[in-house]
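> With the input below, show me the fold.
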Amino acid sequence: MSTFPGAAPAPAPAPAALAARGLLRGALGLTGLTLAGFGFLYALAGVGLGQALFPAAANGSLLEQGGRVVGSALVAQPFTGARYFQPRPSAAGYDTMALAGSNQARSHPELRARLDAARAAVAQREGIAPAAVPAELFTQSGSGSDPHISPEGAAVQIARVAQARGMPRAALEQLVAQHTETRQLGVLGQPRVNVLALNLALDAKEAAR
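Residues are numbered from 1 along each chain as shown. Predicted coordinates:
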């Protein structure tokens, strides 16, 4: 190293300082690699695989009617009138920003009274005995947005919907059967019916008559 004439030579960096600089460069390099790899590339790969393999699910499982998005197959929504199949009750009023259950224990007197009243209301609506009402038609799911009911829950509503729409009961039974989803992989879950998809198909079938 060159110095000015008469100047004392600059002291060499201490080994500890060199080691600290090496550690700092390693830490910064690992941080940059982690952010780029797991914060960007990993997320980008996940999005790409989702779009390539499961495009409908990756985009929210959206359902359309007349070229317009009307909901998601993953989220329940309310229906009014006797012309439609009804979903499970929701403690959050089907508000996707406030999804939750009631958080009341089975032994809670208010919960038991509410369930009894809800079961009686469903029985009166469908013209059946309270004991014949499937549980999901008067109980709320933990999320408050369960989009499915059982095939039995759909079956007890067929008579009401058929009368309200002036459609043959057999046609509605066939429609319910067509929209009954089986167990996932043959073993997971239970047979179920997506209420929103069923009601959209019901509107389409009636419009085509």
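
> which ones are touching the closest residue to residue 179 other than its chain neighbours?
Among residues not flanking residue 179 along the chain, residue 198 sits closest, at 4.6 Å (CB to CB, 6 or more residues apart in numbering). In short, each C-beta sits where N, CA and C put it, glycine included. Applying CB atoms under 8 Å, 6 or more residues apart in numbering, we find residue 198 in contact with 85, 154, 175-176, 179.

> again, only using 10 Å
For residue 198, the contacting residues are 84-85, 87, 148-149, 154, 157, 161, 172, 175-176, 178-180, by CB atoms under 10 Å, 6 or more residues apart in numbering.

> got it, and residue 99?
Contacts of residue 99 (CB under 10 Å, 6+ apart): 75-76, 90-93, 141-145.

> quick one: which of these is most hemmed in?
When the contacts of residue 99 are compared by neighbour count (other CB atoms under 10 Å), residue 76 ends up highest, at 26 neighbours.

> per-residue confidence at the one residue sitting closest to the centre of the chain?
For the chain, residue 74 is the residue whose C-alpha lies nearest the centre (CA atoms, centre = their mean; 3.8 Å). For residue 74, the model assigns a pLDDT of 88.

> Distance of the nearest residue to it once chain neighbours are set aside relative to residue 104?
Excluding its sequence neighbours, the residue lying closest to residue 74 (CB to CB, 6+ apart) is residue 61, at 5.0 Å. According to CB to CB, to the nearest Å, residue 61 stands 30 Å off from residue 104.

> try residue 90
Residue 90 sits at a distance of 15 Å from residue 104 (criterion: CB to CB).

> Need the contacts of residue 99 in TSV (columns: distance to residue 129 and secondary structure).
Output for the contacts of residue 99, formatted as TSV (distance: CB to CB, whole Å; DSSP: H, G, I helix; E, B strand; the rest coil):
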residue	distance to residue 129	secondary structure
75	31	coil
76	26	coil
90	25	coil
91	26	coil
92	29	coil
93	28	coil
141	24	coil
142	28	coil
143	29	coil
144	27	coil
145	29	coil
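
> about what we covered before: so the residue nearest to the centre of the chain touches residue 58, yeah?
No: counting by CB atoms under 10 Å, residue 74 sits too far from residue 58 to count as a contact (12.0 Å).

> Tell me where the model's unsure across the protein.
Counting by pLDDT under 70, the low-confidence segments of the chain come to 1-20, 22, 101.

> so where do the helices sit in it?
15-36, 42-53, 55-58, 109-126, 151-155, 158-165, 169-178, 195-207 (DSSP state H).
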